[in-house]
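> give the three-dimensional model of this entry:
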Amino acid sequence: MSTFASGQPKALADPAPRHSASRTSLFVTGDFPRRRWLTLLLSTAGGLLLAYAWNAKLVDDEIGFTSADALLGHDAHGTPIAGVLSGVLFAFVSGLAGSFTACNIAAFGAIGPLVGQAPSLRGRLLHVARPLGWIFAGMAPVSAAYGALVGLVGTHMPQFSTAASKGLTPRSIQSMTTFGLIGLVMIVLGLAAVGLVRDPLAGLSRRFPNAPLVLVGALIGGFLVGRPYPLFRDLFRHAAGTHNPFYGAGAFLLQSIGNIVVMALLFVLLTYAVGGRLQRRLAAVPARISVLTAAAFLVAGVFTVVYWDLRILGKLGYIWFPASPWT
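Next comes the predicted model:
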């Protein structure tokens, strides 16, 4: 039994499948499709198309601001945060309003194969709670640590600087670097899931089977480090102004929790509504699990790198990148 699962009864073991001769980690089953390159091609095309078509104004302003205004009862972006209690509420609501990102959706899509068919209500609840718990275990330290850093350093961080040099600001460089690294990690995980590269988590997963879920959580926590969403910046400025690392850590953690609530609820609904049918369809052709996992990571990874790096460099004239007419 792994270190992560020690002390638990066998019947309540973690949902990560046990290692077979071909399985190397939770996301790399070893049952690879015959047309691996086709999976790569279609997933890459999907990520490129999503990066071209993504309308940040629609998602951030129309959906994000509207939902935050409705939940708070006032202009979320235009009203200053009054104090610590207001900041706590604002942190959760702004995270909830920023839920609808391609990266969030794809990150949770990658754990779709974990949807099971436990016969009892308690069994289903445990089957859903464990992967979400491991994702939280990876997300919480990243979010809290960055929030504490904001509380200590204040507005001297690159996240707050808009001083441009050749079109690039410290804020944009931080976003490009953060999301570029997150995207590359997702691409490698996708390539490993479909069997095109060796599994980078194989050695770690032998000791800790749930390590891939912890990594997904850390990537989601990293969204806060890079994303220049206006409501997030409002909370950053308030946390920096308090000079309180404990408040910063708590506020950023609540924002990350709000950021995954919608996707977590969708995962729960998926488990209870179609969990058994989905699991049977995946089990009928085991390679489908590899395709689903690889596609989720590859689409998210390609989108993240292209949208946050290539698109920005294209807007600044460093490279050519096609601009959609609605962005």
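> from Phe27, how far off is Arg277?
Between Arg277 and Phe27 the computed distance is 22 Å (C-beta to C-beta, to the nearest Å). Quick note: C-beta positions are derived from backbone N, CA and C, even for glycine.
> got it, and Gly87?
Distance, Gly87 to Phe27, by C-beta to C-beta: 36 Å.
> more neighbours: which of the two?
The neighbour comparison of Gly87 against Phe27 (other C-beta atoms under 10 Å) goes to Phe27, with 27 against 21.
> residue contacts, the more buried one?
For Phe27, the contact set (C-beta atoms under 8 Å, 6 or more residues apart in numbering) comprises 110, 189, 192-193, 201, 212, 293, 297.
> need phi/psi at it.
phi -100, psi -10 (degrees, to the nearest 10).
> contacts only, for the residue lying closest to Gly167 once chain neighbours are set aside.
Nearest non-adjacent residue to Gly167, counting by C-beta to C-beta, 6 or more residues apart in numbering: Leu316, 3.9 Å away. Residues in contact with Leu316, defined by C-beta under 8 Å, 6+ apart, are 166-168.
> one more time with 10 Å, if that's ok
164, 166-168, 172 (C-beta atoms under 10 Å, 6 or more residues apart in numbering).
> buried subset of those residues?
Buried residues within the contacts of Leu316, counting neighbours by 16 or more other C-beta atoms under 10 Å: Ser172.
> just send the contacts of Leu316 back as a markdown table, with pLDDT too.
Formatted as a markdown table, those follow (pLDDT from 0 to 100):
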| residue | pLDDT |
| --- | --- |
| Ala164 | 79 |
| Lys166 | 79 |
| Gly167 | 82 |
| Leu168 | 89 |
| Ser172 | 89 |
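> need the contacts of Leu316 in TSV (columns: distance to Leu184).
Listed next are those as TSV, based on distance: C-beta to C-beta, whole Å:
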residue	distance to Leu184
Ala164	26
Lys166	24
Gly167	23
Leu168	20
Ser172	18
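> of all the contacts of Leu316, which two lie farthest apart?
Across the contacts of Leu316, the longest distance by C-beta to C-beta is 11.1 Å; it joins Lys166 and Ser172.
> name the nearest residue to Thr162, ignoring sequence neighbours.
The shortest distance from Thr162 to any residue other than its chain neighbours is 5.0 Å, reached at Thr169 (C-beta to C-beta, 6+ apart).
> Asn244 too?
Gly151 (5.1 Å).
> now Ala163, what's its secondary structure?
Assigned state for Ala163: coil (three-state reduction, DSSP: H, G, I helix; E, B strand; the rest coil).
> OK, contacts around it?
Ala163 makes contacts with 169-171, as judged by C-beta under 10 Å, 6+ apart.
> give me the buried entries from the residues you listed.
Burial by neighbour count, 16+ other C-beta under 10 Å: within the contacts of Ala163 this picks out 170-171.
> and stretch 53-62, which residues are buried?
Buried, per 16+ other C-beta under 10 Å, within stretch 53-62: 54, 59-60.
> so which of the residues you listed is the closest to Ala287?
Distances from Ala287 to the buried residues of stretch 53-62, taken by C-beta to C-beta, are shortest for Trp54, at 29.7 Å.
> quick revisit: ok, the contacts of Leu316 vs Ile312, which is closest?
Closest to Ile312 out of the contacts of Leu316 is Ser172 (6.3 Å), distances taken as C-beta to C-beta.
> would you turn the buried residues of stretch 53-62 into a markdown table with distance to Arg34, pLDDT and secondary structure?
A markdown table is the format used below for the buried residues of stretch 53-62 (distance: C-beta to C-beta, whole Å; pLDDT from 0 to 100; DSSP: H, G, I helix; E, B strand; the rest coil):
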| residue | distance to Arg34 | pLDDT | secondary structure |
| --- | --- | --- | --- |
| Trp54 | 32 | 86 | coil |
| Val59 | 37 | 74 | helix |
| Asp60 | 41 | 71 | helix |
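> could you count how many residues lie near the residue lying closest to Ala240 once chain neighbours are set aside?
Nearest residue to Ala240 in three dimensions, chain neighbours excluded: Gly154, at 4.3 Å (C-beta to C-beta, 6+ apart). Gly154 has 17 neighbours, counted by other C-beta under 10 Å.
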